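Undergrad: fold the following, please.
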Amino acid sequence: MKIRTFLRLSLHTQLLPILESGEETLVGGQAVMEGVMMRAPHSYAVAVRKANGRIVMEESAIPRVSEKYPIFRFPLLRGIGTLGQAMWLGMRALSFSAGAALDESTAESTAESAAGEASEQTPQHIPGWMLAVNVAISLLFFVFLYKFVPLFLATQVGRHVPGLNGRLAINLVDGLLRILIFIGFLSLLALMKDMRRVFEYHGAEHKVVFNFESGQPVTVANAQKFVTWHPRCGTSFLLVVLVLAMLIYALVPVDGFTAKLVSRIALMPLIVGVSYELIRLAAKRRRGLLHTLTAPGLWLQRITTKPPSDEQTAVAIDALNGAMALEKAQGGELVIA
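TA: The predicted structure is shown next:
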C-alpha cells in the first residue's frame with residue numbers, strides 16, 4: 001500500500017501546477033488526495049476525508065511571499081514568487097493528504113479493535129526523504145517529457161522532412177508536440193479512477209471559490225450551481241505557458257540540440273513570469289484579446305475538472321472555512337478582484 005501511495009503522490013506532484021489556482025490577494029486552492037487545500041492571503045487550510053467518512057484538517061498562518069521578500073512585488077518576479085509559494089504549499093498539502101492515506105493502510109493492517117482508534121488519529125506528514133525523492137523524480141520526468149522528447153522529435157522531423165529543417169519550423173513543431181503531449185498526458189490520467197477523483201475534488205474547489213466570489217452564502221447547494229472551470233486555474237496557466245514558450249523559443253538565436261535544450265530550461269522563469277501577468281489580467285476581463293488567449297485553458301479544464309459529489313464539495317467548503325476563519329483571526333481583509 002505504501003508503494004501505491006508513493007505512486008499516487010508522484011502523479012499528484014506532476015499535476016501540482018495544473019491543480020493549483022489563486023494568487024496572493026485572492027482565495028485559491030488545490031485538489032489533493034481525497035481532499036482540498038484552500039488558501040487566503042495569510043492563511044492555509046487543507047481538509048481530507050478519510051475512508052471512515054471523518055474529515056481531518058490542517059491549518060496554518062502563512063505570510064504573503066511579497067511581504068516576506070519585497071522583490072516579489074514587481075511584475076514578472078511576482079509570478080515566480082507566487083508560483084513558488086503555491087508549489088510549496090501544494091507539496092505541504094499533498095504530504096498531509098498522503099499521510100492520511102498511509103494512516104488508512106496502517107489501520108487496515110492492525111487488529112480490528114486498534115484499527116478504529118488508528119483511523120481517528122490526526123494524519124502525519126509523510127517522511128521528508130519520500131517527498132525529496134518524489135520531487136526529484138517529478139522534475140526529471142517533467143524535463144524529459146516536456147523538454148527533451150518534443151525537441152528530439154522535432155529535430156528528427158527537421159532532418160527527414162524538407163522544408164521543416166529551419167530554426168523557426170523546428171521550434172514550432174517542438175511547441176505543437178509539447179502541447180499535444182500535455183493534452184494527451186492529461187487525457188490518459190483522466191481515465192484512471194484515482195485521478196478522476198482528484199479531478200472531481202478539483203471541480204469542487206473551483207465551485208466553492210466561485211461561490212465565495214459571488215458573495216452568496218457558501219453552501220453545498222449554492223456551490224453546485226457554478227461551473228467547474230475557473231480563469232485562475234493552473235490548467236489555464238500552463239496552457240498559456242506552453243503557447244508563450246513556443247513563441248519565445250522561436251526567437252532564441254541558438255542552433256544545436258543541446259543548446260536549444262539548455263535555453264528552454266533557462267528561460268522557464270521568464271516565461272512563467274510573463275504568463276502569470278497575462279493570466280492575472282485575463283482574470284479581470286470577460287472579453288477581448290486576453291480573454292481569448294485564456295479561453296483554450298478553460299476548455300481544457302473539461303479534462304482536469306469533473307462534477308463533484310455533494311460530499312466532495314463539503315470537504316472543499318470545510319477547507320475554505322478553515323482558511324477564512326484563520327484569516328479573520330489574524331485581522332486580514334480579503335480583496336475580491
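
Undergrad: what about L188, how many neighbours?
TA: Neighbourhood size, L188 [other C-beta atoms under 10 Å]: 10. Any C-beta I mention is one placed from the backbone N, CA and C, and that applies to glycine too.

Undergrad: contact partners of the helix or strand encompassing it?
TA: Using DSSP states H and E, L188 falls within helix 167-190. Identification of contacts with helix 167-190 by C-beta atoms under 8 Å, 6 or more residues apart in numbering yields 11, 15, 18, 145-146, 149-151, 153-155, 157-158, 163-164, 195-196, 199, 235, 238-239, 242-243, 245-247, 249-250, 253, 255, 260, 300, 303-304, 306.

Undergrad: can you flag the buried ones in those residues?
TA: Buried residues within the contacts of helix 167-190, counting neighbours by 16 or more other C-beta atoms under 10 Å: 15, 18, 146, 150-151, 154-155, 157-158, 195, 199, 235, 238-239, 242-243, 245-246, 249, 260, 300, 304, 306.

Undergrad: so where's the stretch 1-150 of the chain uncertain?
TA: 1-12, 14-26, 102-126 (pLDDT under 70).

Undergrad: how about the strands in it?
TA: 28-32, 35-40, 43-49, 55-61 (DSSP state E, counting those that start in this stretch).

Undergrad: which among the ones you listed is found nearest to L131?
TA: For the strands of the stretch 1-150 of the chain, proximity to L131 was assessed by C-beta to C-beta; strand 28-32 is nearest, at 13.6 Å.

Undergrad: quick check: angle from the closest one to strand 35-40?
TA: For strand 28-32 against strand 35-40, the angle by axes from the mean of the first three to the mean of the last three C-alpha atoms, to 10 degrees is 160 degrees.

Undergrad: now for strand 28-32, which elements pack on it?
TA: Using 3 or more C-beta pairs under 8 Å, 6 or more residues apart in numbering; DSSP states H and E, the elements in contact with strand 28-32 are helix 2-19, strand 35-40, helix 77-108, helix 193-214, helix 310-329.

Undergrad: tell me the helices and strands packed up against the fourth one.
TA: Right, the one you point to is helix 193-214. When contacts are defined as 3+ C-beta pairs under 8 Å, 6+ apart, helix 193-214 sits against helix 2-19, strand 28-32, strand 35-40, helix 167-190, helix 220-223, helix 289-304, helix 310-329.

Undergrad: quick one: which of those is nearest I137?
TA: Using C-beta to C-beta, the nearest of the helices and strands packed on helix 193-214 to I137 is helix 2-19, at 6.2 Å.

Undergrad: mind putting the helices and strands packed on strand 28-32 into TSV with distance to R178?
TA: TSV is the format used below for the helices and strands packed on strand 28-32 (distance: least, C-beta to C-beta, whole Å):
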stretch	distance to R178
helix 2-19	14
strand 35-40	28
helix 77-108	19
helix 193-214	21
helix 310-329	31
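
Undergrad: next, count neighbours for R264.
TA: For R264, the neighbour count with other C-beta under 10 Å is 24.

Undergrad: is it in contact with P150, as I believe?
TA: No - R264 is beyond contact range of P150, at 9.5 Å (criterion: C-beta atoms under 8 Å).

Undergrad: helix, strand or coil: sort out the nearest residue to R302 once chain neighbours are set aside for me.
TA: Residue nearest to R302 in three dimensions, not counting chain neighbours: W229, with 7.0 Å by C-beta to C-beta, 6 or more residues apart in numbering. Secondary structure for W229, judged by DSSP: H, G, I helix; E, B strand; the rest coil, is coil.

Undergrad: neighbours around W229, how many?
TA: Other residues near W229 come to 20 when the count uses other C-beta under 10 Å.

Undergrad: which ones are touching it?
TA: Contacts of W229 by C-beta under 8 Å, 6+ apart are H206, L298, W299, Q301, R302, T305.

Undergrad: same thing but at 6 Å, please
TA: By C-beta atoms under 6 Å, 6 or more residues apart in numbering, the contact list for W229 reads L298, Q301, T305.

Undergrad: between those residues, which is nearest V48?
TA: Using C-beta to C-beta, the contacts of W229 come closest to V48 at T305, 18.8 Å.

Undergrad: tell me the confidence at the closest one?
TA: Looking at T305, its pLDDT is 91.

Undergrad: let me see the mean pLDDT of the helix or strand hosting K260.
TA: Of the helices and strands defined by DSSP H and E, K260 is found in helix 257-266. The average pLDDT for helix 257-266 rounds to 92.

Undergrad: the next helix or strand along the chain from it - contacts with which helices or strands?
TA: Helices and strands here follow DSSP H and E; after helix 257-266, the next one along the chain is helix 268-282. Counting contacts by 3 or more C-beta pairs under 6 Å, 6 or more residues apart in numbering; DSSP states H and E, helix 268-282 packs against helix 77-108, helix 234-251, helix 289-304.

Undergrad: to G322, which of those helices lies closest?
TA: Judged by C-beta to C-beta, the one of these that comes nearest to G322 is helix 77-108, at 12.0 Å.

Undergrad: show me what the closest one is packed against.
TA: Contact here means 3+ C-beta pairs under 6 Å, 6+ apart; on that basis helix 77-108 packs against helix 2-19, strand 28-32, strand 43-49, helix 112-119, helix 268-282.
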